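Asks: Got a predicted structure here, sequence first:
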Amino acid sequence: MSEQSLAEKTVKIEKAIQKLIPHLNKNFVSWIGAIRNRDDSDKSCRDKQVQEYADGFKVTAGKKYVKIFNRNSIWGFVVIDNQTVLCKTSGSYFLAGDLLKAATLNQPTTNFSRGNLLTGKVDENGTRKPTAYPDYRPCWTGAV
């Protein structure tokens, strides 16, 4: 069996991201519902925000990471290949599909993975407790 090319691995990551996005949208809608006026007087404004958030996703691939953007902000990074990104905390390498929080527009934090899009499950329990690796919690604000 031949090893997958970088392009094939990137496509696999991008498909996993497309499965993540509806969960992020759901989390955003939940947050919007929590801040909406009780009398719903801001309904049209909030509905517009929901639509802008849902339409704002963009995915770009680099050599080591796939970046997930929403509008003008970086949401997070996903590692494309094993043995390419070193974890500062453990000294071992991240795995393909590992979700990393953004440190800057062009750099992820490399202290620990926030889950794995390829092997983990979505944890939508809504608690602030950390999920067990490789599971991940979708949060509209970024990889947590």
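Replies: Perfect, thanks for sending it.

Asks: which residues touch the nearest residue to Lys58 once chain neighbours are set aside?
Replies: Among residues not flanking Lys58 along the chain, Phe69 sits closest, at 4.4 Å (CB to CB, 6 or more residues apart in numbering). Using the backbone N, CA and C atoms, a C-beta is placed for each residue, glycine as well. Contact partners of Phe69, counting by CB atoms under 8 Å, 6 or more residues apart in numbering, are 56-60, 75.

Asks: who wins for neighbours among the residues you listed?
Replies: Trp75 (25 neighbours; other CB atoms under 10 Å).

Asks: Could you save the contacts of Phe69 as a markdown table and add columns showing secondary structure and pLDDT?
Replies: Listed next are the contacts of Phe69 as a markdown table, based on DSSP: H, G, I helix; E, B strand; the rest coil; pLDDT from 0 to 100:
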| residue | secondary structure | pLDDT |
| --- | --- | --- |
| Gly56 | coil | 97 |
| Phe57 | strand | 97 |
| Lys58 | strand | 97 |
| Val59 | strand | 96 |
| Thr60 | strand | 95 |
| Trp75 | strand | 97 |
